[in-house]
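Novice: Everything below, folded, please.
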Amino acid sequence: MNLRALLSLPLSLTSLFTNRLQPLSKAIASVRPASTMVIESSKLNVLHGPLQPHTREGDSTHPTGFFRDGYCWGAEADAGKHYIGGVVTQDFLDFSKDRGNDLVTRRGGFPGLKDGCRWCLCVERWKEALMASERLGERVVPRVDLGSTALDALKTVKKEDLERFAVSRTP
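Specialist: Got it, this is the predicted structure:
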C-alpha cells in the first residue's frame, strides 16, 4: 500500500470496528523503518557527533592529521595516535621540543608551528603536557577543539580533561 492509499483511509472510531482496520494494519506493518546513517567510530568526535575538520583550505597549517586531510581521525595505522584537535601554545611547543619532537622547525611538507596554530596532536603527548601542567602551568597544555578531536582519544584521556581545555571553533 502506498502513502496516498494509507492517507485516504478513514481513521474514525467506526473504522476501528470495521474491516478497514485490517488494511491499515497491513499498511503499517509493511512500512520499512526509517533508514539511519551509520558512522564508523573512527569518524566520530568526543561529543559523539561527526568528526569535524580541524584545518581547512587556507589555514596556515592545512592539511593536518595523519592522512594530511585536515581531520584528526582515529586510525589504527597511526602509531602516534594524532587524535587531539589541538591549538598549540608556545609553552607546549617548547615542552614538545624538549622531549625530542620539534614542531617549530619547517621541513619537508611540514609547515612548522607557532603559538595559536591548529594541529592534530598525539594523545600521549597531550596527556603528558596535562600531567606536566601541575609544575609548568596550564599554558603548557594545548587547547582542544572537541568537534575535531576523535572519539578514540577517550581511550587514553578523560573527556573531562579535554573539556577543561576546550576552545570554540571560530568560523
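
Novice: how far out from the middle of the chain is stretch 142-152?
Specialist: Mean-position distance between stretch 142-152 and its chain equals 6 Å (C-alpha atoms, centre = their mean, to the nearest Å).

Novice: try stretch 78-87
Specialist: The answer for stretch 78-87 is 11 Å, by C-alpha atoms, centre = their mean.

Novice: In that stretch, which residues are buried?
Specialist: For stretch 78-87, a neighbour-count test (16 or more other C-beta atoms under 10 Å) marks 78, 81-87 as buried. Any C-beta I mention is one placed from the backbone N, CA and C, and that applies to glycine too.

Novice: With stretch 134-153 instead?
Specialist: For stretch 134-153, by 16+ other C-beta under 10 Å, it's 140-153.

Novice: need the longest helix for the protein.
Specialist: helix 123-136 (DSSP state H).

Novice: name the helices or strands packed onto the following helix or strand past that one?
Specialist: Of the helices and strands lying after helix 123-136 in sequence (DSSP states H and E), the nearest is strand 143-144. Judged by 3 or more C-beta pairs under 8 Å, 6 or more residues apart in numbering; DSSP states H and E, strand 143-144 is in contact with strand 84-87.

Novice: partners of the strand it packs on, with directions?
Specialist: strand 118-121 (antiparallel), strand 143-144 (antiparallel) (DSSP bridges).

Novice: and the angle from whichever helix or strand comes after that strand to helix 123-136?
Specialist: Remark: after strand 84-87, the chain's next helix or strand is helix 90-98, criterion DSSP H and E. With axes from the mean of the first three to the mean of the last three C-alpha atoms, to 10 degrees defining the directions, helix 90-98 sits at 110 degrees from helix 123-136.

Novice: quick check: mean pLDDT across helix 90-98?
Specialist: Mean pLDDT, helix 90-98: 97.

Novice: what comes up buried for it?
Specialist: Of the residues in helix 90-98, 91-93, 95-96 count as buried by neighbour count, 16+ other C-beta under 10 Å.
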